[in-house]
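> Please find the sequence and the predicted model below.
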Amino acid sequence: MVTTKTIRLVVPDWQAGNQPVYQLGAEILAAIAPNSQHQPEIRVEVPAKTQELVRENGINGQSIVRDTVARTRAAVQAAAPDKIVTFGGNCLVSQAPFDYLNRRYQGNVGVVWLDAHPDISKPEMFYNEHAMVLGNLLGAGDPVLAELVSAPLRPEQVYFAGLQHPTADEQRELQRLKLTYQLQTSPEIAVEPILTWLKAQHFDHLMVHFDIDALNPRPTNFYDTYFNNPNLGPLPDNAAQGRLHRQSVWRLLAQLSRQTDLVGLTIAEYLPWGAQQLRELMNATQIFG
């Protein structure tokens, strides 16, 4: 009997999105995930916020972010799993596990990028690293982070789902990288096109990157998204809102887990605003010390 080793990777990186609530989001995701004694948990510690991030080579906190990715990469390699569930943090947390799994399965793996954004920016296009993670995995993006990728993805390995209209810069980069994509115009998403794509590409394995911002941020659909930040200021140019219904995405992921060899799943960009507000209350209340 062949045994499969699955690990749970908790990476509370907030620096790559310059939003400390990402750290709390990763911790909560790990806490609420179904219990499993057969899936060891690996935690990658990140520094708490004590001051504003320094912009390096056009990127906020680039050296800190690079160090987190390098330590995540080392932890995954030491664990040598067959499958990885990753709880972020922001989207950059997919870089190390997806690179490892692409090498582990020798490129015989499709990648569903379930996200409102393509995440293929470069430093001259944006200043937070989480917008570059797929570019890094393709050997593009930020060259400082891309050099940590040992098995770059091929363009044909990527299937965009949930994508909203890219910026003009993103459109040019998508074309340059030879990535095909379709925009998500419906609140519903079906499993059949993904299964058809996997079969046509002859992929035996699948990785899914799920960014919470693919969901419609209406409070009745899913509240804990970037757009419901109670202190939200001016929106950056690339801040596209997701369209997807929560239940449709839940069905999709459940179907993919049953009908494919799902070897990697990332859940990222969970922003628990209510929990953050409660933590602020407790921090200010003397009885908690």
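Thanks, I have it. Because the structure is a prediction, the values reported are computed rather than measured.
> what residue ranges in this protein are flagged as low confidence?
Applying pLDDT under 70 to the chain flags the ranges 1.
> What segments of it are helices?
Secondary structure of the chain (DSSP state H): helices at 21-32, 62-79, 95-104, 133-137, 143-146, 168-176, 192-201, 246-259, 273-283.
> Quick check: Trp197 touching Val111?
No: counting by CB atoms under 8 Å, Val111 is not a contact partner of Trp197; they are 10.8 Å apart. (C-beta placed from N, C-alpha, C; glycine too.)
> More neighbours: which of the two?
Val111 (24 against 14; other CB atoms under 10 Å).
> which residue packs closest to the residue nearest to the spatial centre of the chain, ignoring adjacent ones?
Closest to where the C-alpha atoms of the chain average out (CA atoms, centre = their mean) is Cys91, at 3.1 Å. In space, and not counting its chain neighbours, Cys91 is closest to His130: 4.3 Å by CB to CB, 6 or more residues apart in numbering.
> Quick check: the one you found vs Thr72, distance?
According to CB to CB, to the nearest Å, His130 stands 14 Å off from Thr72.
> just Val11 next, same as before
6 Å.
> who touches His130 in this structure?
Listed by CB atoms under 8 Å, 6 or more residues apart in numbering, the contact set of His130 reads 16-17, 90-92, 119, 269.
> most surrounded residue in these?
Within those, Ala16 tops the neighbour count with 33 neighbours, counted by other CB under 10 Å.
> still on that earlier bit, what is in contact with Trp197 and Val111 at once?
Tyr159.
> follow-up on the earlier one: how near is the residue nearest to the centre of the chain to Thr4?
Noted for Cys91: a distance of 26 Å to Thr4, by CB to CB.
> Kindly report the same for Asp213.
For Asp213, the distance to Thr4 - CB to CB - is 31 Å.
> same thing with Lys83?
Separation of Lys83 from Thr4 (CB to CB): 6 Å.
> what's the answer for Gly242, then?
Relative to Thr4, Gly242 is positioned 32 Å away (CB to CB).
> what about those two, which has more around it?
Between Gly242 and Thr4, Gly242 has the larger neighbour count (other CB under 10 Å), namely 27 against 10.
> Could you pull up phi and psi at the more buried one?
phi -70, psi 160 (degrees, to the nearest 10).
> Looks like Val158 contacts Ile120 (just checking).
No: using CB under 8 Å, Val158 makes no contact with Ile120, being 9.4 Å away.
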